[in-house]
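# sequence and predicted model, in that order:
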Amino acid sequence: MKRLLALAASAIALSASPLSAQDFVIANATLATGDGSEPIENGVVIVDDGKVVYAGPMSGAGSFETDSVTDVKGAWVTPGLFATVTTLGLWDVGAVSESNDTRAGGSPFNAALDVSRAINPDSQHIKIHRAAGVTRAATVLTNTGSIFGGQGTVIDLGADADPVTTPRAFQVVHLGENGARLAGGSRAATYAEFANALREARDFANGRWDAESAMLTRADAEALVPVVNGRQKLYVAVERASDIRAVLGLMREYRSLDLVLVGASEGWLVADEIAAAGVPVIADGLDDLPRSFEELASTQSNVGRMAAAGVKVAINASAMENPRNLNQYAGNLVALTRVPGAGGLSWGQAFAAISSVPAEISRLGGRAGSLVPGAAGDIVIWDGDPLEVGSVPTQVYIDGVAQPLENHQSRLRDRYRDLDESDLPKAFDW
């Protein structure tokens, strides 16, 4: 039976452990709401029917009917991490092709590829990242046989059979060095292929598409129609400053394109131009040395410098299969604030770059990545500051439901924690 709870410090009866109910209160938290603000002491989160009703100081919480109140005794509480540009749910063993759906280089289709149908909710990588505090992710194929990488999807990492939050959320195109290789060896070929594809998609949308002369398949042309109409975001993978300028120039010809830059290692060199165009960036959080000629000006101050110029920047994991390290990369940028001119981020800014900002870029602003009224109850309780490398989640909620944190790695850890050599090797323990 529900009880009416007055959320004042002197009037709360607190239970000892979190429950899986979708109607609960977390109290006495060091609370980060994910909106870029600094953490709040003695914070409260109220969740009703899987949605956040209130998150903020206890003094502003008022009263609420609930089945459960959990006193976290000052522990850190945050929204779940939002990992973007990942391969989560598409593979289990990278070297075993039968378990790896990240590439489709032999397919006759490119832009039409839709990863939402290939997500495996039982993937160990989903379970491992859920245990690391990642509650939502944008999943996409890696390189295909074309500059177009197909349609990515936003998923939740909940322990259920329906992971897809937003199918066909964005289209990916590879320009720069990678695009040049895929298009025939030159950036000139890349932009010619890209412009031709947009023209053919526009013709398809207007009923003027000629199948006999078209370079795109019918399915690919149809898949690009939402891109040219601005209904589907276009993630453009570029690194070099000159390539970024070229992409921004496309907006003058194709004004409806809803562009997102991915990578942008040299983005700090053209930060003012990116900000003026209003184009958000998903940047690698650990790029500090060039890995290629198009990244010669890469620096770990890149994210901070773009943010200082007014660019909306989300942090991406450098290795797509390991977005569980996002909080470490964000913490590195906080550490840079100790060095004058190093382009760091405040704690609140850094956490927003792995929570609310990627959610906004994914058109889920106010619905994921932040603890605001109406947002999904994606909540993580940590054993320490989440931007410190040694901190780990103790409880994860997705849509207000407490999630299991066990996975293959945690079972192996527990299995081999006992090193008593008087026993038979664990492998022989039936």
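Sure, I can see it.
# tell me what whichever strand or helix holds residue 24 is packed against?
Here residue 24 is covered by strand 23-31, with elements defined by DSSP states H and E. Under the contact criterion of 3 or more C-beta pairs under 8 Å, 6 or more residues apart in numbering; DSSP states H and E, strand 23-31 touches strand 40-48, strand 63-66, strand 68-71, strand 76-79, strand 379-382. Any C-beta I mention is one placed from the backbone N, CA and C, and that applies to glycine too.
# just checking: what are the partner strands of the longest one?
This means strand 40-48. strand 23-31 (antiparallel), strand 51-57 (antiparallel) (DSSP bridges).
# just name the most buried of these.
Across these, averaging neighbours per residue (mean count of other C-beta atoms under 10 Å) puts strand 23-31 on top, at a mean of 23.
# before we move on, back to that, and the strands paired with strand 40-48: which comes nearest residue 417?
Among the strands paired with strand 40-48, strand 23-31 comes nearest to residue 417, with 29.4 Å by C-beta to C-beta.
# quick one: mean pLDDT for that closest one?
In this model, strand 23-31 has an average pLDDT of 95.
# need the helices and strands packed on strand 23-31 in JSON lines (columns: mean neighbour count).
Output for the helices and strands packed on strand 23-31, formatted as JSON lines (neighbours: other C-beta atoms under 10 Å):
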{"stretch": "strand 40-48", "mean neighbour count": "21"}
{"stretch": "strand 63-66", "mean neighbour count": "16"}
{"stretch": "strand 68-71", "mean neighbour count": "20"}
{"stretch": "strand 76-79", "mean neighbour count": "28"}
{"stretch": "strand 379-382", "mean neighbour count": "26"}
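# quick check: which of those strands is nearest to residue 279?
Comparing those by C-beta to C-beta, strand 76-79 comes nearest, at 24.5 Å.
# how's the chain carved up into domains?
Listed domain ranges for the chain are 3-79+394-406, 81-368 (source: automatic domain parsing).
# where is the longest strand in the chain?
Assignment by DSSP state E gives strand 164-174 as the longest strand of the chain.
# pairing partners for that strand, with directions?
Sheet partners by DSSP bridges: for strand 164-174, these are strand 148-156 (antiparallel), strand 233-238 (parallel).
# what pLDDT, on average, does that strand get?
96.
# likewise stretch 244-262?
The pLDDT scores in stretch 244-262 average 92.
# picking that back up, can I get the strands paired with strand 164-174 in TSV including mean neighbour count?
TSV is the format used below for those (neighbours: other C-beta under 10 Å):
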stretch	mean neighbour count
strand 148-156	26
strand 233-238	24
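# closest to residue 371 out of the ones you listed?
Of all those, strand 148-156 sits nearest to residue 371, with 15.9 Å by C-beta to C-beta.
# report the central residue of this protein.
The centre of the chain sits closest to residue 83, judged by C-alpha atoms, centre = their mean, with a distance of 2.1 Å.
# toward the C-terminus, what is the element adjacent to the helix or strand that residue falls within?
Using DSSP H and E, residue 83 falls within strand 81-86. Sequence-wise, the next helix or strand downstream of strand 81-86 (DSSP H and E) is helix 124-131.
# how far off centre is that following helix?
The chain centroid and the centroid of helix 124-131 are separated by 14 Å, computed with C-alpha atoms, centre = their mean, to the nearest Å.
# what does stretch 115-122 rub up against?
Here stretch 115-122 makes contact (C-beta atoms under 8 Å, 6 or more residues apart in numbering) with 89-90, 92, 101, 126, 139-141, 150-153, 155, 159-164, 167-168.
# need the helices and strands packed on strand 23-31 in TSV (columns: mean pLDDT).
Formatted as TSV, the helices and strands packed on strand 23-31 follow (pLDDT from 0 to 100):
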stretch	mean pLDDT
strand 40-48	95
strand 63-66	70
strand 68-71	90
strand 76-79	98
strand 379-382	98
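# what's the closest of those strands to residue 343?
With C-beta to C-beta as the measure, strand 76-79 is the member of those nearest residue 343 (23.7 Å).
# that closest one: partners in the sheet, and parallel or antiparallel?
Sheet pairing here is set by DSSP bridges, and for strand 76-79 it gives strand 23-31 (parallel), strand 379-382 (antiparallel).
# same list (these) but as TSV, adding distance to residue 243.
Listed next are the strands paired with strand 76-79 as TSV, based on distance: least, C-beta to C-beta, whole Å:
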stretch	distance to residue 243
strand 23-31	40
strand 379-382	36
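# out of these, which gets nearest to residue 97?
For these, the distance to residue 97 is smallest for strand 379-382, at 34.1 Å, taking C-beta to C-beta.
# list the buried ones in whichever strand or helix holds residue 250?
Secondary structure assigned from DSSP H and E places residue 250 in helix 241-253. By 16 or more other C-beta atoms under 10 Å, the buried positions in helix 241-253 come out as 241, 243, 244, 246, 247, 248, 250.
# check contacts around the third one.
Residues touching residue 244, when contacts are defined by C-beta under 8 Å, 6+ apart, comprise 238, 261, 264, 266, 267, 270, 273, 274.
# show me where the stretch 151-300 of the chain has its strands.
Here the stretch 151-300 of the chain has its strands, by DSSP state E, counting those that start in this stretch, at 164-174, 233-238, 259-263, 281-284.
# how about those, which one is nearest residue 408?
Of the strands of the stretch 151-300 of the chain, nearest to residue 408 by C-beta to C-beta is strand 164-174, at 23.1 Å.
# follow-up on the earlier one: so which of the contacts of residue 244 is surrounded by the most neighbours?
Using other C-beta atoms under 10 Å as the neighbour test, the contacts of residue 244 are led by residue 264, with 34 neighbours.
# any idea how far that residue lies from residue 217?
Separation of residue 264 from residue 217 (C-beta to C-beta, to the nearest Å): 30 Å.
# just want the angle from the helix holding residue 250 to strand 164-174.
Following axes from the mean of the first three to the mean of the last three C-alpha atoms, to 10 degrees, one obtains 110 degrees for the angle between helix 241-253 and strand 164-174.
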